[in-house]
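Student: Pasting the sequence and the predicted model now:
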Amino acid sequence: MSENVISLFSSIMAGLGTTLALFAIALVVSIPLGFLITLMLRSKLKVVKWIAEVYVYILRGTPLLLQLFFVYFGLPYIPGIGKFMVFERFEASCIAFALNYAAYFAEIFRGGLLAIDDGQYEASKVLGLTHAQTMWHVVLPQMIRVTLPAVSNETIVLIKDTALVTAIAVPEIMYYAKGAVVRDADPTAFIVAGAIYLVINFFITIIFKQLEKKTDF
């Protein structure tokens, strides 16, 4: 490996911490939020269900980059409350990513719940289980097993999408790679950045494969 590539790798790795932090925060927030939205989508209250449907439609129907720009540049201009909606670049990125991916996870979880046979609920009721016990001990384990491949795929997409935050100058992997390419007039930095993403996704894939084995009942 040439000294130039080693130097590029070292400089680009300066953004790895930010990339992983954004990834982790977005994932930790969006998964439970997505499940909450799934429950709202299944609510018998029409207003609650309608709010969830509109949320999912808007967040899935518009580009993540647009949502990122709106959170960072647009929210401060909302009359009356705009002054309370001013976020730092990284904070805005976390908010936009968490809200966006929650909508996708909500649809994944909804599909997982629909895959569970109604007989499971009826059998749980016969056994005297409460609704909460049925959800926790019967429904959720099966839903996790069914949705894990889709969640794995969405998680891989998430780590790649973190590159979008370079558009608002968040110092992550692509921010440093782009800076190196502009500085040196050499695309090698993009290749190095791509290799870093591939390594990250390799470990994500391994983790989810292990989870799939543990949930294969």
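Tutor: Done, it's in. Note that this is a predicted model, so its numbers are computed, not measured. Residues are numbered from 1 along each chain as shown.

Student: in which helix or strand would I find residue 80?
Tutor: Secondary-structure assignment from DSSP states H and E places residue 80 in no helical or strand segment.

Student: since we're on it, how many residues are nearby?
Tutor: Under the neighbour criterion other C-beta atoms under 10 Å, residue 80 is assigned a count of 6. For glycine as for every other residue, the C-beta is placed from the backbone atoms N, C-alpha and C.

Student: Quick check: the gap between residue 146 and residue 112.
Tutor: When distance is defined by C-beta to C-beta, to the nearest Å, residue 146 is 4 Å away from residue 112.

Student: ok, those two, which is more surrounded?
Tutor: When residue 146 is set against residue 112 and neighbours are counted by other C-beta under 10 Å, the residue ahead is residue 112, at 22 against 19.

Student: which residues does that one contact?
Tutor: Residues in contact with residue 112, defined by C-beta atoms under 8 Å, 6 or more residues apart in numbering, are 142, 143, 144, 146, 147, 150.

Student: Relative to residue 142, how far out is it?
Tutor: Residue 112 is 8 Å from residue 142, where distance means C-beta to C-beta.

Student: Helices of this protein, start to end?
Tutor: When assigned using DSSP state H, the helices of the chain occupy the ranges 3-12, 16-41, 46-61, 64-69, 89-114, 118-126, 131-133, 140-161, 173-184, 188-214.

Student: pull the CA atoms of stretch 116-131 into PDB?
Tutor: The C-alpha atoms that make up stretch 116-131 are tabulated as PDB, following Å, rounded to 0.1, in the frame of the first residue of the first chain:
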ATOM      1  CA  ILE A 116     -48.600 -13.600  11.800                       C
ATOM      2  CA  ASP A 117     -51.700 -15.800  11.600                       C
ATOM      3  CA  ASP A 118     -54.800 -14.700  13.400                       C
ATOM      4  CA  GLY A 119     -54.900 -18.100  15.100                       C
ATOM      5  CA  GLN A 120     -51.900 -17.100  17.200                       C
ATOM      6  CA  TYR A 121     -53.900 -14.400  18.800                       C
ATOM      7  CA  GLU A 122     -56.900 -16.700  19.300                       C
ATOM      8  CA  ALA A 123     -54.700 -19.400  20.900                       C
ATOM      9  CA  SER A 124     -53.100 -16.900  23.200                       C
ATOM     10  CA  LYS A 125     -56.600 -15.700  24.300                       C
ATOM     11  CA  VAL A 126     -57.600 -19.300  25.000                       C
ATOM     12  CA  LEU A 127     -54.500 -19.800  27.100                       C
ATOM     13  CA  GLY A 128     -55.500 -16.800  29.200                       C
ATOM     14  CA  LEU A 129     -52.700 -14.500  28.100                       C
ATOM     15  CA  THR A 130     -53.400 -10.800  28.300                       C
ATOM     16  CA  HIS A 131     -52.900  -8.600  25.200                       C
END
